[in-house]
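**Student:** After the sequence you'll find the predicted model.
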Amino acid sequence: MRRVSIFGSTGSIGQNTIDLIKRAPNEYQVVALSGAQNIARLARDAKDLRAEVAITADPTRLGDLRAALAGSGIEACAGAQALDDAASRPTDWVMSAIVGAAGLAPGLKALEQGASLALANKESMVCAGALVKATAQKHSARILPVDSEHSAVFQALIGEDIKAVERIIITASGGAFRDWPMEKLASATPAQAATHPNWDMGQRITIDSASMFNKALEVIETREFFEVDPAIIEVLVHPQSMIHALVGFNDGALMAHVGPPDMRHAIGFALHWPERRKLPVERLDLAALSHLTFRDPDETRWPALRLARAVMAEGGHTGAVFNAAKERALDHFIAGRIGFMQMAEVVEEALTQLSAKCSLTNAEMTLDSVLAIDHLARNTADAIIAKL
Ligand code: NAD
Ligand code: MG
């Protein structure tokens, strides 16, 4: 039996992972499941899957979790340290599906004990790519991409020499406001931003899709995962979300990964890698699709893409500033305190202030250094927002 854990099991990626695990219950021993506020779902899944331990990120909910698990024999724990401890338990495969920089520390713990890390939490690579990769290498652990675009690139590169790669194109649906007139964007509401034309995802990543902060994070994630020159990474708006990414080689060939917008493909690929197994995803009828469309992204509409390039040019801890400032700007947008287009302004200003003030590129990267910069960037973003 493979020992598996799912961090962020109550979320969209977590639930899709559980769907796959439940289809072959005899193959997996579930070690840990984690969530935050949805205690009923966490407890239900922990009981269904006979997990060893369930963790809520929120210590004030520990009593509720204990009550929900009473008599089941499943341990109940809470808080960031409990997440790290659970991730340190011997496990073969760990799904990292917490949203935000909070996913970084448990992912590192999983790598330290040699587990294969299925990485949906793109923030880990953006904030601390060098550290995540060095930790994996030191402990001979594997990192498998789960973001659909990165899974697509990973699959297109099987058997290929990365030196022959000329371009990596990741696609973007364009999110909720793809076709809105520019002048309407300033007054877009969180509820409007949280609807996605093709994918069913968590609220935060859905709003990040509308602002393209999600794609900006993914461009940086591409650079970290595949260690390519940022100049060869392109973003292409593709409203149907059927082609997830394309890899262009030096002989002119473009290898595209085509599939329905269902995260169970990328999750299942990471779960079974290096094998391919049957997965419960729709088989495409290309004739019925009739047409796929593409266009270049407009960086006035989506300034996050321009900021991603600046982050890659600087490197080091700049990604941690970018992500943390983005997380705070998103919190304030969701709370109705800033407008949709102000999110990018806040992030840009935080990057400007902190790159002038701190050594973002020279300092050695450790978990502590990343968390310190993350903290500073959150405070900086809050101060910028307070003055708006
Ligand atoms: P979600 O909001 O649906 O779920 C997030 C999970 O993280 C939940 O289990 C929640 O309880 C937990 N969580 C939230 N805050 C936490 C904290 N501070 N500490 C610990 N746990 C916390 O999000 P999602 O859509 O499943 O996305 C999860 C991650 O996967 C994100 O990094 C996202 O960018 C990435 N991702 C998601 C998709 C998708 O299709 N949903 C695709 C690609 C990548
Ligand atoms: Mg993606």
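**Tutor:** Received the coordinates, thanks. Numbering: from 1, shown residues only. Ligands and ions are numbered 1, 2, ... in the order given.

**Student:** From now on I want contacts and neighbour counts done on CA atoms only, so please keep to that.
**Tutor:** OK.

**Student:** which ones are touching the residue of the stretch 101-250 of the chain found nearest ligand 2?
**Tutor:** As assessed by Cα to the ion, ligand 2 sits closest to D147 within the stretch 101-250 of the chain, at 4.5 Å. Residues in contact with D147 (Cα atoms under 8 Å, 6 or more residues apart in numbering) are L119, A120, K122, A266.

**Student:** and of these, the nearest to F322?
**Tutor:** Lowest distance from F322 to these (Cα to Cα) belongs to K122, with 12.8 Å.

**Student:** Can you report how many residues neighbour the nearest residue to the closest one once chain neighbours are set aside?
**Tutor:** In space, and not counting its chain neighbours, K122 is closest to E221: 6.4 Å by Cα to Cα, 6 or more residues apart in numbering. Look at E221: counted by other Cα atoms under 10 Å, it has 24 neighbours.

**Student:** Would you mind measuring from E221 to V228?
**Tutor:** As for E221, its distance to V228 is 11 Å (criterion: Cα to Cα, to the nearest Å).

**Student:** hang on, the residue nearest to K122 packs against V126?
**Tutor:** Yes. The criterion here is Cα atoms under 8 Å, and E221 meets it with V126 at 5.6 Å.

**Student:** Let's see the pLDDT reported for the residue of the stretch 101-250 of the chain closest to ligand 2.
**Tutor:** What the model reports as pLDDT for D147 is 98.

**Student:** got the phi/psi numbers for it?
**Tutor:** Per-residue torsions, D147: phi -50, psi 130 (degrees, to the nearest 10).

**Student:** One more: I55?
**Tutor:** phi -130, psi 130.

**Student:** Okay, domains of this protein per the record?
**Tutor:** The chain resolves into domains spanning 2-145, 150-289, 315-387 when parsed by automatic domain parsing.

**Student:** Reformat those as a markdown table; add distance to R301.
**Tutor:** A markdown table is the format used below for the domains of the chain (distance: least, Cα to Cα, whole Å):
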| stretch | distance to R301 |
| --- | --- |
| domain 2-145 | 22 |
| domain 150-289 | 7 |
| domain 315-387 | 9 |
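
**Student:** what's the most buried one of the ones you listed?
**Tutor:** domain 2-145 (a mean of 21; mean count of other Cα atoms under 10 Å).

**Student:** so how far is that one from its chain's centroid?
**Tutor:** 14 Å (Cα atoms, centre = their mean, to the nearest Å).

**Student:** So is that domain next to ligand 1?
**Tutor:** Yes. Using Cα under 6 Å from any ligand atom, we find that domain 2-145 touches ligand 1 at 8-14, 35-37, 57, 97-100, 102, 120-123.

**Student:** What about these, which are in helices?
**Tutor:** Among the residues of domain 2-145 next to ligand 1, DSSP state H puts S12, I13, G14, K122, E123 in helices.

**Student:** can you redo the domains of the chain as JSON lines with distance to ligand 2?
**Tutor:** Formatted as JSON lines, those follow (distance: least, Cα to the ion, whole Å):
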{"stretch": "domain 2-145", "distance to ligand 2": "9"}
{"stretch": "domain 150-289", "distance to ligand 2": "7"}
{"stretch": "domain 315-387", "distance to ligand 2": "16"}
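
**Student:** So for E299, which of these sits nearest?
**Tutor:** domain 150-289 (9.7 Å).

**Student:** Distance across that closest one, terminal residue to terminal residue?
**Tutor:** End-to-end distance of domain 150-289 (Cα to Cα): 23 Å.

**Student:** Can you give the contact residues for the longest helix seen in the chain?
**Tutor:** Taking DSSP H as the criterion, the chain has its longest helix at helix 367-386. Residues from elsewhere that reach helix 367-386 (Cα under 8 Å, 6+ apart): 105, 127-128, 131, 317, 320-325, 327-329, 338, 346-347, 349-350, 354.

**Student:** ok, D92 - contacts?
**Tutor:** D92 touches R2, R3, V4, G114, A115, S116, counting by Cα under 8 Å, 6+ apart.

**Student:** measure it to D45 for me?
**Tutor:** Taking Cα to Cα, one finds D92 at 20 Å from D45.

**Student:** Could I get the full set of helices for the stretch 201-350 of the chain?
**Tutor:** 203-211, 213-226, 264-272, 286-289, 304-314, 318-334, 342-357 (DSSP state H, counting those that start in this stretch).

**Student:** for the shortest one, the distance to its chain's centre please.
**Tutor:** The reference is to helix 286-289. 30 Å.

**Student:** Check which helices and strands it sits against.
**Tutor:** Taking 3 or more Cα pairs under 8 Å, 6 or more residues apart in numbering; DSSP states H and E as contact, there are no helices or strands that helix 286-289 lies on.

**Student:** Contact partners for Q203?
**Tutor:** Q203 sits in contact with A194, where contact means Cα under 8 Å, 6+ apart.
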